[in-house]
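# predicted model and sequence below, questions to follow.
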Amino acid sequence: MKRTKLLTLFIGIGLVLTLLATPLISGCGGGVPGGAETVTLVMANGYPRGHTAGSLIMDAYIDRVVEMSEGKIIIDHQDAGRLLKFKAMMSGIKDGVTDMGIPIASYMAGDVPLISITAMPYLAKDYGGRIEQFWNVVTEQPDIVAELERWNNKPLYAWSVDESFVHSKVPINRVEDFKGLKIRTSGGIGDEVRIARGATPVNIPSPETYVALQRGVADGAVMHVSSFWGWKWYEQAKYTIVQEPSFAAVSGTISINSDKFDSLPKWAQDILLEAGEEHMEWMSVAFPALALELQDKLKAQGNTLIMLPSSEVERMKQMVAPIGPKWAAEHGAAGARVWDFMLKQAD
């Protein structure tokens, strides 16, 4: 029977997001056989419990797995980096420090360099397209699939946070307004995008960004709205460009150690994968709804939301367009194959 369930997720910042989720997947691969033994899996998570984005990425999935398995799958959720920090997530999954974890693409890039291009803006038409694109990259693109297999990493589902916008202390209404601004980024492709627009990228850890904005070390930041709100950067950066497609993409997976997955009974494997497919569909509604609600809250705080003319958006696209081919050339034949795959996914 297709599940239609009213999900109410209490988010740490005080919002209550109520969604009528109608997943595409029915059943659970034949159900849990009688007499099935309980399966316990350890899940490492760098996000603290109650983190806005982290809650949407993981909590509803864990609840659904428990529900589908009739309590026969128990997930020991080690959050807040107690077991593994984000930078150690790939190696921790590979080495069996944890059974499951949450690799983020920007951190994965140190271990799987080819994944870094997934942060390129303007390659997905909307949020749902971005999740689908990233999922296809990690499950279908041969070079990346081979690298993930080398890391003993099997993705169960992909995720992407809400839109990443430019938040600044001064209004940005055209491309020229970026010139000379120091914009906080998380490095990688993001730095090249900011340079292409005339800004100076500054790599500052999230916990230090509020003070950096306050003291003028940074004039703005690129960040998805949920974390921009959660870190209270809106108190310092009063202007936000709200545009779709957004200025960056923060994506990742929930993955399991491949050997651990292979050791599980078939019914447990089916549930983990089917719940993941359901959850990707659920997030395609949840994250955009959250972003809209937070934009209303920003306006209520007195912040200004800027919608650029389509002509300026097109100019920005043209300015960053050379970055993809340049990245592909720098990463050899495999880079060319990955870039071609990304372009085909964007069509």
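Received the coordinates, thanks. In this text the structure is predicted, and so the values were computed from the model without any measurement.

# once you drop chain neighbours, what's closest to Ile238?
You called it Ile, but residue 238 is Lys. Asn303 (5.1 Å; C-beta to C-beta, 6 or more residues apart in numbering). Using the backbone N, CA and C atoms, a C-beta is placed for each residue, glycine as well.

# pull the number of nearby residues for Gln144.
For the record, residue 144 is Ile, not Gln. Applying other C-beta atoms under 10 Å, we find 22 residues neighbouring Ile144.

# which of the three states applies to the closest residue to it other than its chain neighbours?
Take Ile144 and drop its neighbours on the chain: the residue closest to it by C-beta to C-beta, 6+ apart is Leu114, 5.4 Å away. Counting by DSSP: H, G, I helix; E, B strand; the rest coil, the backbone at Leu114 sits in helix.

# pretty sure Leu114 is touching Val338, no?
Yes: with contact defined as C-beta atoms under 8 Å, Leu114 counts as touching Val338 (5.0 Å).

# which residues does the residue nearest to Ile144 contact?
Residues counted as contacts of Leu114 (C-beta atoms under 8 Å, 6 or more residues apart in numbering) are Asp143, Ile144, Glu147, His331, Ala334, Gly335, Val338.

# which ones among those map onto strands?
Among the contacts of Leu114, no member is found in strands (DSSP state E).

# can you put those in CSV and add distance to Val313 and pLDDT?
Shown next, in CSV, are the contacts of Leu114 (distance: C-beta to C-beta, whole Å; pLDDT from 0 to 100):
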residue, distance to Val313, pLDDT
Asp143, 31, 98
Ile144, 29, 97
Glu147, 33, 97
His331, 28, 96
Ala334, 31, 97
Gly335, 27, 97
Val338, 25, 97
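
# scan these and report the most crowded one.
Most neighbours among the contacts of Leu114, by other C-beta under 10 Å: Val338, with 24 neighbours.

# distance of that one from Ser106?
Computed as C-beta to C-beta, to the nearest Å, the Val338 to Ser106 distance reads 16 Å.

# likewise Leu294?
Distance from Leu294 to Ser106, counting by C-beta to C-beta: 22 Å.

# ok, now Gly220?
As judged by C-beta to C-beta, Gly220 and Ser106 stand 19 Å apart.

# wait, Val161 sits on Ser226?
Yes: between Val161 and Ser226 there is a contact under C-beta under 8 Å: 6.4 Å.

# overlap in contacts, those two.
Residues touching both Val161 and Ser226 (C-beta under 8 Å, 6+ apart): Ala53, Phe287.

# export stretch 278-296 as PDB, just CAs?
The C-alpha coordinates for stretch 278-296 follow below in PDB (Å, rounded to 0.1, in the frame of the first residue of the first chain):
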ATOM      1  CA  GLU A 278      11.300   7.900  -0.600                       C
ATOM      2  CA  HIS A 279      13.300  10.400   1.400                       C
ATOM      3  CA  MET A 280      14.800  12.000  -1.700                       C
ATOM      4  CA  GLU A 281      11.300  12.600  -2.900                       C
ATOM      5  CA  TRP A 282      10.300  13.900   0.500                       C
ATOM      6  CA  MET A 283      13.200  16.400   0.700                       C
ATOM      7  CA  SER A 284      12.300  17.800  -2.700                       C
ATOM      8  CA  VAL A 285       9.300  19.200  -1.000                       C
ATOM      9  CA  ALA A 286      10.700  19.900   2.500                       C
ATOM     10  CA  PHE A 287      13.800  21.900   1.700                       C
ATOM     11  CA  PRO A 288      12.100  24.400  -0.800                       C
ATOM     12  CA  ALA A 289       9.300  24.900   1.700                       C
ATOM     13  CA  LEU A 290      11.700  25.600   4.500                       C
ATOM     14  CA  ALA A 291      13.700  28.100   2.300                       C
ATOM     15  CA  LEU A 292      10.500  30.100   1.600                       C
ATOM     16  CA  GLU A 293       9.600  30.200   5.200                       C
ATOM     17  CA  LEU A 294      13.000  31.400   6.200                       C
ATOM     18  CA  GLN A 295      13.000  34.100   3.500                       C
ATOM     19  CA  ASP A 296       9.800  35.400   5.100                       C
END
